[in-house]
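> Provided below are the primary sequence and the corresponding predicted coordinates.
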Number of protein chains: 4
Amino acid sequence: MNSFGRLFRVSIYGESHGNSVGVLIDGCPAGLFLAEKDFETDLRRRRSGAKGTTPRIEFDIPHFMSGIFNNTTTGAPINIQFENINTRSVDYLELRDLPRPGHADFVATHKFGGFEDYRGSGHFSGRLTLGLVTAGVIAKRLLGEIHISAKLVEVGGMTDVESAVDRAIEENESIGGIVECRVSKVPVGLGEPFFDSVESLISHIIFSIPAIKAIEFGSGFQAARMKGSEHNDNIINMDGTTETNNAGGINGGLSNGNDIVFRVAVKPASSTSQPQNTLNIKTEEIEELVVEGRHDKCIALRVPPVVEGAVAIVLADLMMMEGKIKRIYLQEDE
Amino acid sequence: MNSFGRLFRVSIYGESHGNSVGVLIDGCPAGLFLAEKDFETDLRRRRSGAKGTTPRIEFDIPHFMSGIFNNTTTGAPINIQFENINTRSVDYLELRDLPRPGHADFVATHKFGGFEDYRGSGHFSGRLTLGLVTAGVIAKRLLGEIHISAKLVEVGGMTDVESAVDRAIEENESIGGIVECRVSKVPVGLGEPFFDSVESLISHIIFSIPAIKAIEFGSGFQAARMKGSEHNDNIINMDGTTETNNAGGINGGLSNGNDIVFRVAVKPASSTSQPQNTLNIKTEEIEELVVEGRHDKCIALRVPPVVEGAVAIVLADLMMMEGKIKRIYLQEDE
Amino acid sequence: MNSFGRLFRVSIYGESHGNSVGVLIDGCPAGLFLAEKDFETDLRRRRSGAKGTTPRIEFDIPHFMSGIFNNTTTGAPINIQFENINTRSVDYLELRDLPRPGHADFVATHKFGGFEDYRGSGHFSGRLTLGLVTAGVIAKRLLGEIHISAKLVEVGGMTDVESAVDRAIEENESIGGIVECRVSKVPVGLGEPFFDSVESLISHIIFSIPAIKAIEFGSGFQAARMKGSEHNDNIINMDGTTETNNAGGINGGLSNGNDIVFRVAVKPASSTSQPQNTLNIKTEEIEELVVEGRHDKCIALRVPPVVEGAVAIVLADLMMMEGKIKRIYLQEDE
Amino acid sequence: MNSFGRLFRVSIYGESHGNSVGVLIDGCPAGLFLAEKDFETDLRRRRSGAKGTTPRIEFDIPHFMSGIFNNTTTGAPINIQFENINTRSVDYLELRDLPRPGHADFVATHKFGGFEDYRGSGHFSGRLTLGLVTAGVIAKRLLGEIHISAKLVEVGGMTDVESAVDRAIEENESIGGIVECRVSKVPVGLGEPFFDSVESLISHIIFSIPAIKAIEFGSGFQAARMKGSEHNDNIINMDGTTETNNAGGINGGLSNGNDIVFRVAVKPASSTSQPQNTLNIKTEEIEELVVEGRHDKCIALRVPPVVEGAVAIVLADLMMMEGKIKRIYLQEDE
């Protein structure tokens, strides 16, 4: 349910305004050197603070609670925990009867009988992605020369990110975006033909990231409009290199040695300062609602490191299944 | 690997030109009446024969090998098997050194050391989707009033399917398409916020279907270009009904009571009669290849019942996890 | 539910008097040469026919339904199926209202609402162990020099097997026994400290074998009466060899390089020709019952190859998790 | 690996002398009221302090890190953490080259390349059982009227526990024991015939408890010496009640409505104050070793609440699989 992976196994826990959020990683090889600073870059890329992101700033210090001894992984489960400090839960108390449009409020109350921690979207919060980024940092280290890079290629329908964010601030609206991810130096043959194809596993974890609503590999939706001879990628090299990469690096569900390429759609954050209608579940009347609180104008800005972390988790697991990552990590591998 | 599901668990086996293909279904409730004719409609919809599909015709008789007694499920694992009869493997022998572009030939040989059954794409063949349709028929029965309907909404870039197919035949080319699936009467609250969101599970199984390269829920990629106040679906009814359905029936990874709606892109079949270049892995030289054999001009025509079956499997599993499908099936439920 | 294993994954299906029983094996490396005759020895050891076993004789021909091509594993799921031929189901029709003591009749009817295939104990039958032996033959091949040997060390309370069986026949009673299994040349470090200890995994699969009611590793129950300095095995060699083997080759849940040794108790077959009392679930009255049909006097005689197969499955899975069995099998490994 | 369960899923983390030990519980129903004091009784029963147990005393305060809001479960993963305070790691530094007999030192170093946290047996420590007891407290609450009770029935070969402990102290030796567990009011039909029998699941989790080396259900090893007509339990009541309970409440792997009864053997703690021989892995010479540090003379004294917790976890999971525990807990159930 809240776990992912077969051999490199990641479990997520925590709530936006609870004591902590964190991640439990089971199956990580022993012997990997890990310091707090190894997490800095990706945590900073995910953190808010830039124009267009929420004014709630968390310092996101990773606390190693288990599985790391003398700054080295031991082979036992790794628990990395983050405190929630900068919470203002009072914002949410008054919303209990007014499920915010686009948010999980209505479904969560239904599923959990009203017992859910509703503060700041609780367990549904984007804050939970800290765990993906954290596990992703470890996974990236295990992946050696495999290189993962995600970036925003479109925001609010525009390619000029800064202008798009400025306009969103001006219009007091949230906007979405498209993130493209490219993975290079992937060995041929990762994945399984049925049920655990590379596309299956990547999309599974990617749709755990709040606000993602679409994914396409290689030429994606455009493939539906191509002819077979246009779409097929001709193999031109014994290592599997193809002339084109319409398949996005995946044939028959298996990596084919070319870059894995996919794009995901990030919807605009559900919290917008515009007035909206919703149903008061006490009075059963429609009411106008203005969502107060501190929100991201453009959550997509913070998504790339999360996408990278998610894909790294999948690939580390697949590499372990192929025996390409050993249970004892040798530093000289790096 | 070749299994999917937690409580309603489906395993696929077989090869295109081997003895059989089939499906093992574990966790199906006891007491469900099942006759061969229950499978007819969906198997026929998947079968070839129509204009634009392969001339290889299989009769696809489902053989109940276990788990069904007196035409009723017993609660034990159900093995349903299909024979392969109409095979012409000789077509494939001469292709051993020439990995067909777009196919899994190259990656399969790499992954399985050349021991894979290469005839007709072996375990990678679209013929394996028989298992999805078969398990899907059972899952649909368990789902009661939940209704799943997939249809082609675009073929070869056109909405007029017949014209598109005619043109493909004329041009001797394969073409792709877009399939839209709509699921109605889904209870609120299926799915799990992290890692087992409804989108995660549906996309996981959908990408097991050969030739699928993209999926989008609700407004999908278009969501990335919308503003928050445009994209948010206002709740207007106590059952969760929303004014619009940009979310595709899913908030925070959970079903929200509206129709689940998603679209998938089907690439053109990799087998095309056009000459293509590929690498001869013996001589290491580029050669021209014309793929003989019997192929689908438009595999997308056969995909809708497969998509339906796949989604039915996911939903049956989620319904069982919520205790909404019991372990003993009562016929009066229908 | 009816599956076991993480990377070498075994699923069992079938019923005693249905069409077939069989096993689906997912994750077996490609490239392993397999012929029908490879299964002969262990299938024969499991088969009935000897004095003290049931007069129902099945020829147990393994049919390769998938995953094997040119007598070699392909890396795709392997389905091996056995037909049921020599069935006499009429014996069981009259027992529907009289749950046989010691059998699963009562619990099966309760769990599956009376829809279970009751003929010859259906899915609960010892005939299902064919799948364990079959998967075990494959697993043993993968294990290379690791050697597994199980034998009866006690029957009906006696060490002289023949006498015990003679007495059972004379007394027209069923008897139990104790099987000891010894695994040699196990590498150090298989297993996981928590939840997937070697003892946990072996006992999990062993208790799937019908009629097993107890298991002990090393000095087992006797350990509870020893002092620490008596029970501890002193390490005397750099490969982990210990002076004694009270631990049965397992410390902290991990293999320690010494022989893994365990014993299991096999209860007497529940079918006995002696008259017994049971409850007629129609009349709710106690009735005397004499179980007719063809039964084993001493099922324990047939258990050793099943125990071996079960343990081989566990070890193959653990060896794959450690990367000690590769996904492509090299014949020279043997 | 370090997780157990299908729907009620328990993951263990931590080390004896690290920051913390704890447990992550996924799948617990929402709405269960939980206060720190609910854990007191079982944590106290497990805690040291009594005659014969280690002088290391930990206060074992359960910290709710996630999944509990307003002292009520929310349906999100529950992380409960315990600090390690009373650690004296200096005792272990000098043992690095001398693997203690009976302990996991040798195998852990081999498996984890020497990177394991060796202090106080690290992740292999009995301290990790805190997580089982903690998850067990929650599971017991979910089980309603099902009642689980484990007790020591034999210590150091004697039934008089106090005398046995006195003698162990006098002899400066560690001793083992036998724990019997009885579960009453179990519904008929829990468990699955193949691979997930009640015996399989109970033994799987029980062998996670350090020092357990044997388990027997019902008449257990004694069954191997009984005749069929002696061992079979005659059904005398429509609820499944049997005259005797040689089966230990389980037929065909399924609960039969009678008490589930099993016994486990606890070996003497490996740490004994007696001098022992072991191999110095640096010098490769045999050396005499006296294990200093604070140890349990009779670890079996602390095992009963751990066995209860472990069984409660299994039963909660099985009850959820049968739909007998709902995803929203109603307090009136209690």
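Structure received.
> which helices and strands does the host helix or strand of A:Ala310 pack with?
When elements are assigned from DSSP states H and E, A:Ala310 belongs to helix A:304-321. Under the contact definition 3 or more Cβ pairs under 8 Å, 6 or more residues apart in numbering or on different chains; DSSP states H and E, helix A:304-321 sits against helix A:40-46, helix A:129-142, strand A:147-155, strand A:177-184, helix A:198-206. From N, CA and C alone the C-beta is placed, and that goes for glycine too.
> do stretch A:288-295 and chain B meet?
No. Judged by Cβ under 8 Å from any Cβ of the partner chain, stretch A:288-295 and chain B are separated, with a smallest distance of 9.0 Å.
> which of the residues in that stretch are buried?
A:Leu289, A:Val291, A:Gly293, A:His295 (16 or more other Cβ atoms under 10 Å in any protein chain shown).
> ok, A:Phe217 to chain C distance?
Distance, A:Phe217 to chain C, by Cβ to the nearest Cβ, to the nearest Å: 23 Å.
> now A:Ala50
Counting by Cβ to the nearest Cβ - A:Ala50 and chain C are separated by 42 Å.
> Could you do A:Asn86 as well?
Relative to chain C, and taking Cβ to the nearest Cβ, A:Asn86 is found at 35 Å.
> Likewise for A:Ala164?
For A:Ala164 relative to chain C (Cβ to the nearest Cβ), the value is 46 Å.
> Next: A:Asn280.
44 Å.
> Stretch A:31-39 and chain D, are they touching?
Yes. Applying Cβ under 8 Å from any Cβ, one finds stretch A:31-39 touching chain D at A:Gly31.
> Need the distance between the two termini of that stretch.
With Cα to Cα, to the nearest Å as the measure, stretch A:31-39 spans 17 Å from end to end.
> before we move on, the earlier item: can you say which of the helices and strands packed on helix A:304-321 is nearest to chain B?
helix A:198-206 (3.8 Å; Cβ to the nearest Cβ).
> what's the angle between the next helix or strand after that closest one and helix B:198-206?
Next in sequence after helix A:198-206, counting helices and strands by DSSP H and E, comes strand A:212-217. Relative orientation of strand A:212-217 versus helix B:198-206 (axes from the mean of the first three to the mean of the last three Cα atoms, to 10 degrees): 20 degrees.
> The residue lying farthest from the centre of chain A sits in which helix or strand?
What lies farthest from the middle of chain A is A:Thr283; by Cα atoms, centre = their mean that is 37.1 Å. According to DSSP H and E, A:Thr283 maps onto no helix or strand at all.
> Give me the distance between it and A:Leu98.
As for A:Thr283, its distance to A:Leu98 is 10 Å (criterion: Cβ to Cβ, to the nearest Å).
> before we move on, what about A:Gly176?
Counting by Cβ to Cβ - A:Gly176 and A:Leu98 are separated by 24 Å.
> residues near the nearest residue to A:Ser219 once chain neighbours are set aside, how many?
Using Cβ to Cβ, 6 or more residues apart in numbering or on different chains and skipping residues adjacent in sequence, the residue nearest A:Ser219 is A:Asn246, 4.2 Å away. Residues lying near A:Asn246 (other Cβ atoms under 10 Å in any protein chain shown) number 21.
> Equivalent analysis for the one 4 residues further on, please.
Counted with other Cβ under 10 Å, the burial measure for A:Ile250 works out to 27 neighbours.
> What residue in the stretch 51-200 of chain A comes nearest to chain B?
Taking Cβ to the nearest Cβ, the stretch 51-200 of chain A has A:Ala104 as its residue nearest chain B, at 2.5 Å.
> returning to what we had before: the residue nearest to A:Ser219 is in contact with A:Gly228, isn't it?
No. A:Asn246 lies out of contact with A:Gly228 (Cβ atoms under 8 Å); the separation is 10.7 Å.
> And the pLDDT for A:Val161?
In this model, A:Val161 is scored at 93, pLDDT.
> Equivalent analysis for A:Glu58, please.
So, for A:Glu58, pLDDT stands at 79.
> Surely it is in contact with A:Thr87?
No. If you go by Cβ under 8 Å, A:Glu58 and A:Thr87 don't touch, sitting 9.0 Å apart.
> Report the angle between the helix holding A:Ala310 and helix A:129-142.
50 degrees.
> Setting aside sequence neighbours, what's the nearest residue to the residue of the stretch 51-200 of chain A closest to chain B?
B:Gly252 (2.5 Å).
> where does the one you found fall, phi/psi-wise?
Main-chain dihedrals, B:Gly252, degrees, to the nearest 10: phi 60, psi 30.
> That one: neighbour count?
Neighbour tally, B:Gly252, other Cβ under 10 Å: 28.
> Contact partners for it?
B:Gly252 makes contacts with A:His103, A:Ala104, A:Val107, A:Ala108, A:Ser121, A:Phe124, A:Pro210, B:Pro193, B:Ser197, as judged by Cβ atoms under 8 Å, 6 or more residues apart in numbering or on different chains.
> Save those as CSV, and put in secondary structure, neighbour count and pLDDT too.
Output for the contacts of B:Gly252, formatted as CSV (DSSP: H, G, I helix; E, B strand; the rest coil; neighbours: other Cβ atoms under 10 Å in any protein chain shown; pLDDT from 0 to 100):
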residue, secondary structure, neighbour count, pLDDT
A:His103, coil, 22, 95
A:Ala104, coil, 27, 96
A:Val107, helix, 26, 97
A:Ala108, helix, 29, 97
A:Ser121, helix, 26, 92
A:Phe124, helix, 26, 95
A:Pro210, coil, 27, 96
B:Pro193, coil, 29, 89
B:Ser197, coil, 26, 97
